[in-house]
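Visitor: here is my input; please provide its structure:
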Amino acid sequence: MKRLFAGATDTGCVRSANQDSYHIDPDGRFFIVADGMGGHAGGEVASQIAVDAIRESLDACWEVATDSQKLMQEAINKANQAILDDQSANPIRSDMGTTIVILMFRDEIPWFCHIGDSRLYRLRGAKLEQISDDHTWIARAIQTGVVNPDEAKTHPWRHMLLQCLGREDLKEIAAGEVEWQPGDRLLICSDGLTEELSDDRIAHQLKSIRNCQQAAQALIESAKLRGGRDNITVVVVSNELNPQN
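Guide: The predicted model follows:
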């Protein structure tokens with residue numbers, strides 16, 4: 001088996017700037033996607049601060065930390081504090097924030113940690129499963145039966161976050177192990193992808209395009225063809241028995 005990976009990001013068809021940031025560790029140890037908010041400059045700054053802080057924390061503590069969940073959670077707390085420090089130093093960016101998803105491999109076991117509505121998916125066979133839970137008002141409304149899934153697709157509050165980085169009241173950070181097996185693919189992405197493409201469409205392209213870089217780019221282009229109303233970031237990680245790329 002071999003772990004293959006690639007990623008791409010795009011401004012999309014409507015926005016003038018890309019407020020998403022992402023990082024792929026060259027050795028494939030960890031992958032990060034962040035979707036910033038808070039205006040043109042604020043969103044770009046928040047997402048990049050978060051990605052840089054998490055990357056630096058994971059690099060520095062990789063060999064000494066034994067608990068994978070704690071390693072990711074501490075990295076996210078450091079990223080949150082770094083954004084808060086920047087807000088204090090630059091009041092013009094006081095409302096900036098960002099989502100975050102970390103996918104990390106230690107001893108060949110995948111772990112994830114996230115805040116907000118950027119997502120982690122697993123493709124197994126032809127079935128796409130969302131592993132992360134959106135920290136949004138709409139996700140909670142669906143869970144409690146206030147809104148049904150069809151209504152949620154166009155609800156005006158569907159983007160309202162309950163958690164993001166850049167807030168003093170950051171709550172418990174969701175983290176856990178991901179079960180995966182040969183042939184599985186993992187996808188982390190910003191909501192610029194999932195707002196435009198259905199799960200069935202994402203699953204079809206992930207399954208039919210085996211090259212990770214080509215799959216990531218194809219997903220982005222498909223989202224743009226369907227409007228591309230937001231920035232789009234995609235990272236694909238494959239557990240391949242017979243790698244083709």
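
Visitor: which parts of the chain are helices?
Guide: 39-61, 68-89, 137-143, 149-152, 191-194, 199-208, 212-225 (DSSP state H).

Visitor: quick one: contacts of the second one?
Guide: The reference is to helix 68-89. By CB atoms under 8 Å, 6 or more residues apart in numbering, the residues outside helix 68-89 that reach it are 45-46, 49-54, 57-58, 61-62, 65, 93-94, 96-98, 100, 102, 104, 106, 109, 111-113, 115, 165-168, 170, 173, 175-177. For every residue, glycine as well, the C-beta is placed using N, CA and C.

Visitor: if we go to 7 Å?
Guide: Under the criterion CB atoms under 7 Å, 6 or more residues apart in numbering, residues 45-46, 49-50, 53-54, 57-58, 61, 65, 93-94, 96, 100, 102, 104, 106, 111, 113, 115, 165-166, 168, 170, 173, 175 lie in contact with helix 68-89.

Visitor: which residues touch G42?
Guide: Counted by CB under 7 Å, 6+ apart, G42 has contacts 93, 95-96.

Visitor: what does the pLDDT read for it?
Guide: You'll see G42 listed with a pLDDT of 90.

Visitor: now do I138
Guide: Note for I138: predicted pLDDT of 77.

Visitor: these two touch, right, it and R158?
Guide: Yes - using CB atoms under 7 Å, I138 is in contact with R158, at 4.3 Å.

Visitor: if I look at the residue nearest to D200 when sequence neighbours are not counted, how far off is D134?
Guide: Spatially, and ignoring its direct neighbours in sequence, D200 is nearest to L128 (7.7 Å; CB to CB, 6 or more residues apart in numbering). As judged by CB to CB, to the nearest Å, L128 and D134 stand 15 Å apart.

Visitor: same thing with K70?
Guide: In this structure, K70 and D134 are 24 Å apart, going by CB to CB.

Visitor: which one's more surrounded, those two?
Guide: Taking other CB atoms under 10 Å, K70 and D134 do not tie; D134 has more neighbours (22 against 12).

Visitor: the nearest residue to the more buried one once chain neighbours are set aside: neighbour count?
Guide: Nearest-residue entry for D134: D117, 4.4 Å, with adjacent residues in sequence omitted and distances by CB to CB, 6+ apart. Burial measure for D117: 26 neighbouring residues, criterion other CB under 10 Å.

Visitor: and T194, by the same measure?
Guide: Residues lying near T194 (other CB under 10 Å) number 21.

Visitor: does it touch L120 like I think?
Guide: No - judged on CB under 7 Å, T194 makes no contact with L120 at a distance of 11.4 Å.

Visitor: where does this structure have its least confident helix or strand?
Guide: Ranking every helix and strand in the chain by mean pLDDT, DSSP states H and E puts helix 149-152 at the bottom, with a mean of 72.

Visitor: how about stretch 200-213: buried residues?
Guide: In terms of neighbour count (16 or more other CB atoms under 10 Å), stretch 200-213 has its buried residues at 201-207, 209-212.

Visitor: name the nearest of these relative to D184.
Guide: Of all the buried residues of stretch 200-213, L206 has the smallest distance to D184: 10.3 Å, by CB to CB.

Visitor: what pairs with the residue nearest to that closest one when sequence neighbours are not counted across the strands?
Guide: Closest residue in space to L206, ignoring its immediate chain neighbours: L123 at 4.7 Å, by CB to CB, 6+ apart. On the basis of DSSP bridges, L123 is bridged to L128, R185.

Visitor: so how far is T136 from the closest residue to K224 other than its chain neighbours?
Guide: Excluding the flanking residues, the one nearest K224 by CB to CB, 6+ apart is C13, at 5.4 Å. Taking CB to CB as the measure, C13 falls 23 Å from T136.
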